[in-house]
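Novice: need coordinates for the below:
(6 chains)
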4 protein chains.
Amino acid sequence: MPEGITARRQQAEQRRAQLIDTALAVFAEKGVEAATVKDLSETAGVAQGLLYHYFRSKEDLLQAALERHYFLPELRRIVSPNRDRPAGEVLLEVAQSFAALLHEHRPLLQVMIREAPSNPAVADRVERARREGVRLLAEYLDSRVAAGELRPHDTEAAARLLLYAAFMANLTDTPTDRFLPAVVDSILWGIHARPS
Amino acid sequence: MPEGITARRQQAEQRRAQLIDTALAVFAEKGVEAATVKDLSETAGVAQGLLYHYFRSKEDLLQAALERHYFLPELRRIVSPNRDRPAGEVLLEVAQSFAALLHEHRPLLQVMIREAPSNPAVADRVERARREGVRLLAEYLDSRVAAGELRPHDTEAAARLLLYAAFMANLTDTPTDRFLPAVVDSILWGIHARPS
Amino acid sequence: MPEGITARRQQAEQRRAQLIDTALAVFAEKGVEAATVKDLSETAGVAQGLLYHYFRSKEDLLQAALERHYFLPELRRIVSPNRDRPAGEVLLEVAQSFAALLHEHRPLLQVMIREAPSNPAVADRVERARREGVRLLAEYLDSRVAAGELRPHDTEAAARLLLYAAFMANLTDTPTDRFLPAVVDSILWGIHARPS
Amino acid sequence: MPEGITARRQQAEQRRAQLIDTALAVFAEKGVEAATVKDLSETAGVAQGLLYHYFRSKEDLLQAALERHYFLPELRRIVSPNRDRPAGEVLLEVAQSFAALLHEHRPLLQVMIREAPSNPAVADRVERARREGVRLLAEYLDSRVAAGELRPHDTEAAARLLLYAAFMANLTDTPTDRFLPAVVDSILWGIHARPS
DNA sequence: GATGAATGAGTGTTCATTCAT
DNA sequence: AATGAATGAACACTCATTCAT
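Specialist: Purely as a prediction, here's the structure:
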């Protein structure tokens, strides 16, 4: 009965995914330490023991959640715009897409940020994503400098400035619709008055 | 013997301060939840029971630590430059002083950031400081717009941009000596090329 | 199709035997309490649930193992030598055969000895075997006293002495090739010097 | 108040001893694995948590019990009779003292014997005691051979024979008052008839 | 017959807090 | 003021057993 076996496996896979997703929600709401296994199992509507059928430990469940919801590839795409498109057109898109990505993965981010200081595995993921995001966006800016659109400047600092702004907007629950355009405007054109 | 009583009070005050300071260090290192009362008392070199002589609970000790190390006044001063001084001269100073302040209070910050999501009392303090810092700096920028030095712009967004950059530099352990000048340069003058 | 049914039964019986044998090995290695049903099923290469198809419980499986590997008949034969044969010739044979029997059933013995204190069913089996072994050997010695080969003495004590020695050799992993002849020599002739 | 401090310490030491003693009793009755920490604390009349104030773990408590009740020194004394005294007079004393010692430490022995197979630390203690007991008694027998009282023989085997007999009597709950004299008689003089 | 997902009671252990001294 | 013994409610985790497939 290969069909039966496959069905069972699929069901198990679904159950695993469900457990991970509810766990992530609970972790985000209460914090990993404060979330008890009882919380996790009750929220998922299963017995405590079942969690240990699918995961070796609470920590293992956390890692599985990080793995399942990780979004480095999307991040990479977002911060790597086509190098022929002008920054004046592209930067706001980047900021908004990045903010949308963060918003979409809010529970994961909350968990990662809180756990990073005490969990090296988490800290690693955070740091890797941060570094790569900054690097890719800086490379795009470099290309725009080379194209003559942007003046020579510390492109890594500028990349950071943009990404950190979107990140902090997410962290502090600031609406981005007015903030991000203003941010991009400042970075691109500066706030200093010009001699006419 | 009023002197004896005063001496006692002073000693008690000292002991209290010592307990708070070691507690803050332990909280920062391990996280509040993970730091046990045994950790706290052992690090302070006293018996567990003594903590409950000075504080009603572990949570109370945490609040006392936040109270004792709070730095809103310094923050206010830093983000309120003399409104007659030009932004071109002042903004880097502000960014660097702010970064230095954050660096000085790193343990407190680590604790506050981690605890805020699950501790409304902490979240309040964070939010209040953030809002006030942004407001004051934005007001300064407003005054420089009025003075004609800066062009009209979303001054709150610009204030945020600067403060968030310094804050994230602290959070991600980035050295500020090159980063902050580049940040201020971007914000002031923009990164776009100028028609000569 | 009686043949089909018989074939099925045989297969089931084989499976049952296999489960018992691997269980006994695991019980002996880890101890009954410490051996989990997962250990047992994994070692047998089957799913956990299958064990409950063949046995009502872990305890039931243990009892089945004791039943299947019980060796009281062999023990009886070994400690009941032909009463016409002289002890000087027979006792070493008895000791060696008994030691070989114990060695052959080492896993079972390990399990029984450890479980006896907390499992009356096991304790009963042990006690019954012990008593019967001693009784039969003592009866043989009685007959040799009657035959005039042995002097009148506490034959039950002597029987115990011999059997306990072999048993302890097994328990303490002592090689028996030198030990048992020395034991028999002592018991038969004593270690005291003789007036020549 | 040095007296107060000392009193506290003494009380703590007493409490520790009480916990160890009740634990040993419970371990002996139910077996170490089967004895729950709840059993232990309830029998001692204290809260579960208190056990962990005095011992790091259940295993640690077990080791403390083995340590506190260990009786190797007494064993050494018992199996090292004065070498000038004749074996005919001494061996029964040795056997009876040894049996009394085992009887006195019955709970400890039950625990050690059951735990040895799965607990190397315990197995070590058992093995060390066994080896040393045999060695010392064999040395005494050697000296009696040298003195001409005993005939040359495998003294180690004889020592084992005597000690194992007493040990097994203890294990099987056999009364020793008739058994041990018969054992010593057999070993000393043999059970074979003599040509008159 | 055979699987392995699912259960739920129970385990050893931790820890903030209390209290007698 | 200061100690540390003592508590008891939680905690993460285990495991024999059941059951739908």
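Novice: tell me the SS of the most centrally placed residue in chain A?
Specialist: Residue closest to the mean C-alpha point of chain A, counted by CA atoms, centre = their mean, is residue A:102 at 4.8 Å. Assigned with DSSP: H, G, I helix; E, B strand; the rest coil, residue A:102 falls in the helix class.
Novice: can you count the residues close to the closest residue to it other than its chain neighbours?
Specialist: Distances taken as CB to CB, 6 or more residues apart in numbering or on different chains put residue A:170 closest to residue A:102, at 4.2 Å, once the chain neighbours are dropped. Heads up, the C-betas are built off the backbone N, CA and C, glycines and all. Using other CB atoms under 10 Å in any protein chain shown, residue A:170 is surrounded by 20 other residues.
Novice: ok, residue A:131 next?
Specialist: A total of 11 residues lie near residue A:131 under the criterion other CB under 10 Å.
Novice: cool, and residue A:64?
Specialist: Neighbours around residue A:64, by other CB under 10 Å: 19.
Novice: what's the nearest residue to it if we skip its chain neighbours?
Specialist: Excluding its sequence neighbours, the residue lying closest to residue A:64 (CB to CB, 6+ apart) is residue A:20, at 5.4 Å.
Novice: domain parsing for chain A?
Specialist: Listed domain ranges for chain A are A:3-62, A:70-191 (source: automatic domain parsing).
Novice: so does the last one get close to DNA strand E?
Specialist: No: figure legend: domain A:70-191 not in contact with DNA strand E (CB under 7 Å from any atom of the strand); closest approach 12.5 Å.
Novice: re the thing from before, any idea which element the residue nearest to residue A:102 lies in?
Specialist: If you go by DSSP states H and E, residue A:170 is part of helix A:155-171.
Novice: for that helix, packing partners?
Specialist: Packing contacts for helix A:155-171, counted by 3 or more CB pairs under 8 Å, 6 or more residues apart in numbering or on different chains; DSSP states H and E, involve helix A:87-104, helix A:106-115, helix A:120-146, helix A:176-189, helix B:155-171, helix B:176-189.
Novice: now the fifth one: average pLDDT?
Specialist: In this model, helix B:155-171 has a mean pLDDT of 98.
Novice: about what we covered before: for the residue nearest to residue A:64, what are its contacts?
Specialist: Residue A:20 is in contact with A:61, A:64-65, A:68, counting by CB atoms under 8 Å, 6 or more residues apart in numbering or on different chains.
Novice: give me the subset of these lying in helices.
Specialist: Within the contacts of residue A:20, residues falling in helices by DSSP state H are A:61, A:64-65, A:68.
Novice: check those for burial and list the buried ones.
Specialist: Buried subset of the ones in helices among the contacts of residue A:20 (neighbour count, 16 or more other CB atoms under 10 Å in any protein chain shown): A:61, A:64-65.
Novice: how close does the closest residue to chain C within chain A sit to DNA strand F?
Specialist: Closest residue of chain A to chain C, CB to the nearest CB: residue A:53 (11.1 Å). From residue A:53 across to DNA strand F, the span is 7 Å (CB to the nearest atom of the strand, to the nearest Å).
Novice: the helix or strand encompassing that residue and DNA strand E in contact?
Specialist: According to DSSP H and E, residue A:53 maps onto helix A:48-54. Yes: applying CB under 7 Å from any atom of the strand, one finds helix A:48-54 in contact with DNA strand E at A:48-50, A:52-53.
Novice: which stretch in the domains of chain A is the model least sure about?
Specialist: Averaging pLDDT over each of these puts domain A:3-62 lowest, since it has a mean of 94.
Novice: can the lengthiest helix in chain A be said to contact DNA strand E?
Specialist: The longest helix of chain A (DSSP H) is helix A:2-30. Yes: counting by CB under 7 Å from any atom of the strand, DNA strand E is contacted by helix A:2-30 at A:8-9, A:11-12, A:15.
Novice: from residue A:10, how far off is the residue nearest to the centre of chain A?
Specialist: As judged by CB to CB, to the nearest Å, residue A:102 and residue A:10 stand 32 Å apart.
Novice: what of residue A:64?
Specialist: Counting by CB to CB, the gap from residue A:64 to residue A:10 is 18 Å.
Novice: follow-up on the earlier one: and which of the residues of helix A:48-54 next to DNA strand E is nearest residue B:36?
Specialist: Set against residue B:36, the nearest of the residues of helix A:48-54 next to DNA strand E by CB to CB is residue A:48 (24.4 Å).
Novice: burial count for the closest one?
Specialist: Neighbourhood size, residue A:48 [other CB under 10 Å]: 13.
Novice: for the closest residue to it other than its chain neighbours, give me its contacts.
Specialist: Counting by CB to CB, 6+ apart, residue A:48 lies nearest to residue A:41, which is 4.5 Å off, once chain neighbours are set aside. Counting by CB under 8 Å, 6+ apart, residue A:41 touches A:47-48, A:50-51.
Novice: are any of those residues buried, and which?
Specialist: Among the contacts of residue A:41, those scoring as buried are residue A:51 (criterion: 16+ other CB under 10 Å).
Novice: and the furthest pair within the contacts of residue A:41?
Specialist: Greatest spatial distance in the contacts of residue A:41: A:47 and A:51, 8.3 Å, computed using CB to CB.
Novice: one step back: what are the buried residues along the longest helix of chain A?
Specialist: Within helix A:2-30, the residues that count as buried by 16+ other CB under 10 Å are A:16, A:19-20, A:22-29.
Novice: C-terminal to it, what's the next element?
Specialist: Using DSSP H and E, the first helix or strand after helix A:2-30 is helix A:37-44.
Novice: and of the contacts of residue A:41, the nearest to residue D:153?
Specialist: Checking the contacts of residue A:41 against residue D:153 by CB to CB gives residue A:48 as the nearest, at 64.9 Å.
Novice: quick check: the closest one touching residue A:37?
Specialist: Yes: with contact defined as CB atoms under 8 Å, residue A:48 counts as touching residue A:37 (5.5 Å).
Novice: with distance to residue B:57 added, can I get the residues of helix A:2-30 next to DNA strand E in TSV?
Specialist: What follows is the residues of helix A:2-30 next to DNA strand E, written out as TSV (distance: CB to CB, whole Å):
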residue	distance to residue B:57
A:8	50
A:9	49
A:11	46
A:12	44
A:15	40
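Novice: and these near DNA strand F, which?
Specialist: When CB under 7 Å from any atom of the strand is applied, the members of the residues of helix A:2-30 next to DNA strand E adjacent to DNA strand F are residue A:8.
Novice: and which of the ones in helices among the contacts of residue A:20 is nearest residue B:156?
Specialist: Distances from residue B:156 to the ones in helices among the contacts of residue A:20, taken by CB to CB, are shortest for residue A:65, at 35.8 Å.
Novice: show me what residue of chain A gets nearest to DNA strand E.
Specialist: Using CB to the nearest atom of the strand, the single residue of chain A nearest to DNA strand E is residue A:49, 1.8 Å away.
Novice: that residue: how many residues sit nearby?
Specialist: Applying other CB under 10 Å, we find 9 residues neighbouring residue A:49.
Novice: equivalent analysis for residue A:70, please.
Specialist: For residue A:70, the neighbour count with other CB under 10 Å is 15.
Novice: residue A:128 is in contact with that one, correct?
Specialist: No: using CB under 8 Å, residue A:70 is not in contact with residue A:128; the gap is 10.2 Å.
Novice: quick one on the thing from earlier: highest average neighbour count across the helices and strands packed on helix A:155-171?
Specialist: Here the criterion is mean neighbour count by mean count of other CB atoms under 10 Å in any protein chain shown, and of the helices and strands packed on helix A:155-171 the winner is helix B:155-171, at a mean of 23.
Novice: which residues touch stretch A:165-173?
Specialist: Contact with stretch A:165-173 is made by A:95, A:98-99, A:102-103, A:106, A:109, A:113, A:174-176, A:179-180, A:183, B:127, B:130, B:160-161, B:164-165, B:167-168, as judged by CB under 8 Å, 6+ apart.
Novice: one step back: next up, the contacts around the residue nearest to the centre of chain A.
Specialist: By CB under 8 Å, 6+ apart, the contact set of residue A:102 is A:109, A:166-167, A:170.
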